[in-house]
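Visitor: I'd like to go over a predicted model; first the sequence, then the structure.
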Amino acid sequence: MSLINVLFLVLVFGAIYFIMIYNKFVSLSAGIDASWSDIDIQLKRRYNLIPALVDTVKGYTKYESDTLEKVIQARQQGMSAKNMTEKREATTMLSSALGGFFALAEAYPELKADRSFMKLQNELSNIEETIQNARRYYNAIVRDNNAKVDSFPDLIIAQKFDFQKREYFELDESEATAVKQMPKINL
């Protein structure tokens, strides 16, 4: 084989490898955007369900307006969030507020037995699980993307075509522990 043929084969394989890396970055970016869209849809479903829950609870908990206001405020903040950081903060705030909200059901046996409340609570629980699964999937794709952006020789193509690391969708550690704590209820 002549030197020209060898150089030609190296050039062809190099071009194919370059195209494969570039297409993988495009695929990862599209996957990240699609999975974020899935999370956003579930967050909107969650925000749309909350008014029905609040209305159901209002009749039973006339003296717990502070807890209900926190849930409504957290919902509003989530609906007006523009970027991932704001949505992550709103999600944390809403999760904390909902923890206090569902603790009310323990204090009001009639509410706990209400069919519409139970149905709404189950639906919200399903949405929460879907959000958690979508967030795990999103974070897995972001992890793959971020590893590829930092890996050699992929980082050369990432820098050349401005493929960036993406931000994970996680709760802050201090906020995550606050969500897990049971709120105090004064009756």
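Guide: Done, it's in. Numbering: from 1, shown residues only.
Visitor: Wait, residue 170 touches residue 87, no?
Guide: No: using Cβ atoms under 8 Å, residue 170 makes no contact with residue 87, being 11.8 Å away. In this view, the C-beta of every residue, glycine as well, is placed from N, C-alpha and C.
Visitor: residue ranges with poor pLDDT in the chain?
Guide: Scanning the chain for pLDDT under 70 picks out the ranges 59-64, 171-187.
Visitor: in it, which spans are helices?
Guide: 3-58, 65-80, 84-107, 109-113, 115-150, 154-160, 173-180 (DSSP state H).
Visitor: Out of those, which is the most enclosed?
Guide: Neighbour counts (mean count of other Cβ atoms under 10 Å) averaged over each of the helices of the chain peak at helix 84-107, with a mean of 19.
Visitor: Tell me which other helices or strands it touches.
Guide: For helix 84-107, the elements it packs on are helix 3-58, helix 65-80, helix 109-113, helix 115-150, helix 173-180, judged by 3 or more Cβ pairs under 8 Å, 6 or more residues apart in numbering; DSSP states H and E.
Visitor: try it again with 7 Å
Guide: helix 3-58, helix 65-80, helix 109-113, helix 173-180 (3 or more Cβ pairs under 7 Å, 6 or more residues apart in numbering; DSSP states H and E).
Visitor: what's near enough to touch the residue nearest to the spatial centre of the chain?
Guide: Residue closest to the average C-alpha location in the chain (Cα atoms, centre = their mean): residue 135, at 4.4 Å. By Cβ atoms under 7 Å, 6 or more residues apart in numbering, the contact list for residue 135 reads 39, 169.
Visitor: The same query, at a cut-off of 10 Å, please.
Guide: 35-36, 38-39, 42, 88, 91, 168-171 (Cβ atoms under 10 Å, 6 or more residues apart in numbering).
Visitor: Likewise for residue 53?
Guide: Going by Cβ under 10 Å, 6+ apart, residue 53 touches 68, 71, 75, 98, 101-102, 116-117, 120-121, 123-124.
Visitor: for residue 131, same thing?
Guide: Applying Cβ under 10 Å, 6+ apart, the residues near residue 131 are 38-39, 41-43, 45-46, 91, 95, 169.
Visitor: Closest one to residue 79 out of those residues, please.
Guide: If you rank those by distance to residue 79 using Cβ to Cβ, residue 43 comes first, at 8.8 Å.
Visitor: Quick check: that closest one vs residue 88, distance?
Guide: According to Cβ to Cβ, to the nearest Å, residue 43 and residue 88 sit 10 Å apart.
Visitor: how close does the residue located most distally from the centre of the chain get to residue 8?
Guide: For the chain, the residue at maximal distance from the C-alpha centroid (Cα atoms, centre = their mean) is residue 2, at 55.9 Å. Residue 2 is 9 Å from residue 8, where distance means Cβ to Cβ.
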